Structure formats: C-alpha cells, structure tokens
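Enquirer: whatever this is, show me its structure:
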Amino acid sequence: MTTSTRPDAPDREADVVELLIGQHMQIRDLFTEVQSAADEQRADAFARLVRLLAVHETAEEIVVHPAARRGIESGNDIVADRLAEEREAKEQLARLESLGTDDPDFLPGLALLRVAVLEHAHHEEAYEFRYLRQHYDADQLRSMAELVRTAEQAAPTHPHPGTESAAADLAEGPATALFDRVKDAVRSTMADQGK
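Expert: Okay, the predicted model is just below:
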C-alpha cells in the first residue's frame, strides 16, 4: 500500500482544520503501513512518515499554535501542552530514526510513538482545531491553510530534538531543511542503486 506523504495533498480550497485533519489521517495510515510493511519496504514507509511528521509539526508550530494563542481563551496553556507532546514525540522519532527499521527495538518503539502521536492529534483536534473554527472566519481559516502549505515547503524533513520550536527550526533551516532534503535525496539514490 502506498500512501501519499505530500502534505498538500488535500484540496487547495480546504481550510486549515480540514487540511491538518487530512494530514492526521495520512499519518495514521503511514503508521499502519510502517507496522505492516515487509522488512525491505519498512525503511521507505518510515522515511515517508518521518518527513510528514517533521513538516506537519513545524507548520503547526508556525501557523496554528500562534493563532490558538491569540484567538482562544487559555490558548497559551493549550499550546504549551501541545508543544510538550510534540517535543516528546520528536525525541521518540529521532531515537527510532537512529535505531533503523531493522533493529529489534524498532517496532515496539514505533508502537509507543504511534500512541503518543495519535493522542497528540486527538488533543489538537479537540482542544485547538474546534476553537479555531469558532474564533476565525472561513477566509482566515483558508489563509491559514495556505500559510501551512508554505511553511511545509521550507520545513526540515527530519526531527531535530534539540530545537525547541519551529521558529528555531526555521532559523536554523533553510540550511537545516536543505541539508535534510539533500540527505533524503542521497538516501533515495543509494536505495535505488541497492546500496
């Protein structure tokens, strides 16, 4: 099963909530694909999951969390909780990436990450997204979706756990994002050549 990891796959007219919920569904599907993939396909599926998680979270930190802070009562507390969840997931993801998909600890670690990420997505949908719909009009929500798509184009494609925010991610990258994309291209070329 091949799942698209293009973060902009949902309809261009989608608002930010529809866009991000669509990405949450892609993330769920990719976890299933990684868990059920044969050994030789697992690394590719995991690489797509890592990329989608990295760009998705960076875009949320740049666009959605600031909007939640501004527009939602108790927004600072809600965002602080989401950032703590994201930080933990980023650390787990980096650990799994360093293990490699053929390590015996990979699948148990992936199962723990899956629970944490899906719980985080549920919290975003329940505590952030529904309030965004209440506090921002349709044009604002569509504009936020466009900002998310733009942020995802510049975002790093791998987790950087020492970086505490998306603003820091973007301050470090474009260089970090460029390095990540070059590393991705080299890995892909090597995989295509069977090395």
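
Enquirer: how close does the residue sitting nearest the centre point of the chain get to Pro66?
Expert: In the chain, the residue lying closest to the centroid (C-alpha atoms, centre = their mean) is Leu53, at 2.2 Å. If you measure Leu53 against Pro66 using C-beta to C-beta, to the nearest Å, the figure is 20 Å. (Each C-beta comes from the backbone N, C-alpha and C, glycine too.)

Enquirer: cool, and Met25?
Expert: For Met25, the distance to Pro66 equals 24 Å [C-beta to C-beta].

Enquirer: would you mind telling me which of these two has more residues around it?
Expert: Pro66 (16 against 13; other C-beta atoms under 10 Å).

Enquirer: secondary structure class for that one?
Expert: Following DSSP: H, G, I helix; E, B strand; the rest coil, Pro66 is assigned to helix.

Enquirer: tell me the pLDDT at it?
Expert: The predicted structure scores Pro66 at 92 on the pLDDT scale.

Enquirer: who's in contact with it?
Expert: With contacts defined as C-beta atoms under 8 Å, 6 or more residues apart in numbering, Pro66 is in contact with no residue.

Enquirer: that one and Val117, how far apart?
Expert: Separation of Pro66 from Val117 (C-beta to C-beta): 22 Å.

Enquirer: pLDDT below threshold where in the chain?
Expert: Filtered on pLDDT under 70, the chain yields the residue ranges 1-12, 160-195.

Enquirer: what's the span of stretch 97-114 from first residue to last?
Expert: Between the opening and closing residues of stretch 97-114 there is a gap of 14 Å (C-alpha to C-alpha, to the nearest Å).

Enquirer: now stretch 68-87: how far from the chain's centre is it?
Expert: Centre-to-centre, stretch 68-87 and its host chain are 17 Å apart (C-alpha atoms, centre = their mean, to the nearest Å).

Enquirer: how about stretch 80-96?
Expert: Shown here is stretch 80-96, whose average C-alpha point lies 11 Å from the average C-alpha point of the whole chain (C-alpha atoms, centre = their mean).

Enquirer: also stretch 41-49?
Expert: Average the C-alpha atoms of stretch 41-49, do the same for its chain, and the two points are 14 Å apart (C-alpha atoms, centre = their mean).

Enquirer: for that stretch, buried residues please.
Expert: Judged by neighbour count using 16 or more other C-beta atoms under 10 Å, the buried positions of stretch 41-49 are Arg42, Ala43, Asp44, Ala45, Phe46, Ala47, Arg48, Leu49.
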